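**Q** Sequence first, then the predicted structure, then my questions.
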Amino acid sequence: MLTKRTLLAGIAVGSATFAALRLRTTTAARADETFEVTHSDAEWRKLLTPVQYAVLRQADTERPFTSELLHETRRGIFGCAGCARDLFSSETKFDSGTGWPSFWTPLDHAVGTIADSSFGMTRTAVPCARCGGHLGHVFDDGPKPTGLRYCMNGVALTFKPAAVQTRNPA
Ligand SMILES: [Zn+2]
């Protein structure tokens, strides 16, 4: 039989677990999760520039309107600066006016989502599916057809232009 005492104990345990979960989700890459591409912290520091490290490994946010990729309008693929996985197609890029490169959908299985309650906000962080690097956040105020806005740090991305089609003179 459920007494008031056991019920309260259950609530206390539930709250503690919830608090622990919230805490866990504020870091970009979790130590208990395994990714296809993993490096030690020291290795990541060598592989990445200080700015890339701050965003990808410490979930920092670049200053808006600072990324060259903001104005990248060529056809191509945006990849992860941490592990080179293809993440977004230029066909889904749009100008959100926020100052960060924005996309309405990622490539299939390219990214994950993590509840992020840092800075007193409830947001959904977007990590790379291959290396766990923090890329940015996803919001539900994007354009059709998904209504999503993947708000990415340009410094966490690389850009590969699509192969230039040279026309054969017929
Ligand atoms: Zn990656």
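**A** Received the coordinates, thanks. Small disclaimer: the values here were computed from a predicted structure and weren't measured.

**Q** can you list the residues of this structure near the ion?
**A** 80, 82, 83, 85, 128, 130, 131, 133 (Cβ under 5 Å from the ion). Every residue, glycine included, has its C-beta placed from N, CA and C.

**Q** The same query, at a cut-off of 8 Å, please.
**A** 35, 37, 56, 80-85, 87, 128-133, 135 (Cβ under 8 Å from the ion).

**Q** ok, and the closest non-adjacent residue to residue 69?
**A** residue 154 (4.0 Å; Cβ to Cβ, 6 or more residues apart in numbering).

**Q** Ok, residue 111 next?
**A** That would be residue 126: by Cβ to Cβ, 6+ apart, it lies 5.0 Å from residue 111.

**Q** Give the burial count for the one you found, as a bare number.
**A** Close neighbours of residue 126, defined as other Cβ atoms under 10 Å, add up to 26.

**Q** isn't there a helix covering it?
**A** No: assessed with DSSP: H, G, I helix; E, B strand; the rest coil, residue 126 is strand; it does not lie in a helix.

**Q** in the sheet, who's paired with it?
**A** residue 136 (DSSP bridges).

**Q** Pretty sure it sits against residue 137.
**A** Yes: contact criterion Cβ atoms under 8 Å: residue 126 and residue 137 qualify, at 6.0 Å.

**Q** Narrow the residues of the chain next to the ion to just the buried residues.
**A** 35, 56, 80-83, 85, 87, 128-133, 135 (16 or more other Cβ atoms under 10 Å).

**Q** Which ones among the residues you listed lie within strands?
**A** Those of those mapping onto strands are 80, 87, 135, per DSSP state E.

**Q** residue contacts, the first one?
**A** Right, the one you point to is residue 80. The neighbourhood of residue 80, defined by Cβ atoms under 8 Å, 6 or more residues apart in numbering, consists of 87, 128, 130, 131, 133, 135, 156, 157, 158.

**Q** Tell me the spacing between it and residue 121.
**A** Residue 80 sits 24 Å away from residue 121, going by Cβ to Cβ, to the nearest Å.

**Q** what do you get for residue 68?
**A** 27 Å.

**Q** Repeat that for residue 63.
**A** The value you get for residue 63 to residue 121, if Cβ to Cβ is used, is 18 Å.

**Q** higher neighbour count, those two?
**A** Taking neighbours as other Cβ under 10 Å, residue 63 and residue 121 compare with residue 63 leading, 11 against 8.
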